[in-house]
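J.: Okay, predicted coordinates and the sequence, questions at the end:
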Amino acid sequence: MLAEERSSIDNIDAALVNLLAERFRHTQRVGRLKAEHGLPPADPRREEQQVARLRALAQESGLDPVFAESFLKFIVTEVIRHHEQIRGEDAP
Ligand SMILES: C=C(O[C@@H]1C=C(C(=O)O)C=C[C@H]1O)C(=O)O
């Protein structure tokens, strides 16, 4: 039924938002650690590993790996923007 499917979609959307908020709380901590230790906001090698892992997970789950990669990159771009902000705030 349409209403039932939409109710499931709404639950999943709520879970996604909660998970994303939790992820950003962790990345904010990473951003503060990086600023404290003078590390750059972006880590392309780490991102490469994440993309490979996520593409494989997507394949296993029946999700389009191209979509999974662009979704991750969309999030990581925002994280790097946060890290640049944190670094700016910490600069003397
Ligand atoms: C969170 C980090 O900073 C950046 C953001 C990442 C992410 O959102 O997963 C991964 C690598 C970095 O470019 C990190 O270095 O771990």
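T.: Yep, that arrived.
J.: Give me the pLDDT for Glu89.
T.: At Glu89, the pLDDT value in this model is 85.
J.: Ala35: how many residues sit nearby?
T.: By the measure other C-beta atoms under 10 Å, the count of residues near Ala35 is 19. Every residue, glycine included, has its C-beta placed from N, CA and C.
J.: Please read the previous query as pertaining to Gly31.
T.: Counted with other C-beta under 10 Å, Gly31 comes out at 24.
J.: residues in contact with stretch 64-81?
T.: Identification of contacts with stretch 64-81 by C-beta atoms under 8 Å, 6 or more residues apart in numbering yields 20, 23-24, 27, 31, 41-42, 47, 50-51, 54-59.
J.: Mind giving me the ChimeraX select for those residues, buried ones only?
T.: Buried residues within those, by 16 or more other C-beta atoms under 10 Å, are selected in ChimeraX with:
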select :27,31,41,51,54,55,58
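J.: Mind checking which of the contacts of stretch 64-81 are in helices?
T.: Secondary structure from DSSP state H places 20, 23-24, 27, 31, 47, 50-51, 54-59 of these in helices.
J.: Do the helix or strand bottoming out on mean pLDDT in the chain and the ligand come into contact?
T.: The helix or strand of the chain with the lowest confidence, counting by mean pLDDT, DSSP states H and E, is helix 65-90 at a mean of 96. Yes. Residues of helix 65-90 contacting the ligand under C-beta under 6 Å from any ligand atom: Ile75, Val76, Val79, Ile80, His83.
J.: For that helix, buried residues please.
T.: Result for helix 65-90 [16+ other C-beta under 10 Å]: buried residues Pro65, Ala68, Glu69, Leu72, Val76, Val79, Ile80, His83, Ile86, Arg87.
J.: if I pick the closest residue in space to Ala68 that isn't next to it in sequence, what's in contact with it?
T.: Spatially, and ignoring its direct neighbours in sequence, Ala68 is nearest to Ala58 (3.6 Å; C-beta to C-beta, 6 or more residues apart in numbering). Going by C-beta under 8 Å, 6+ apart, Ala58 touches Asp64, Pro65, Phe67, Ala68, Glu69.
J.: And for Pro41?
T.: Gly31, Lys34, Ile80, His83, Glu84, Arg87.
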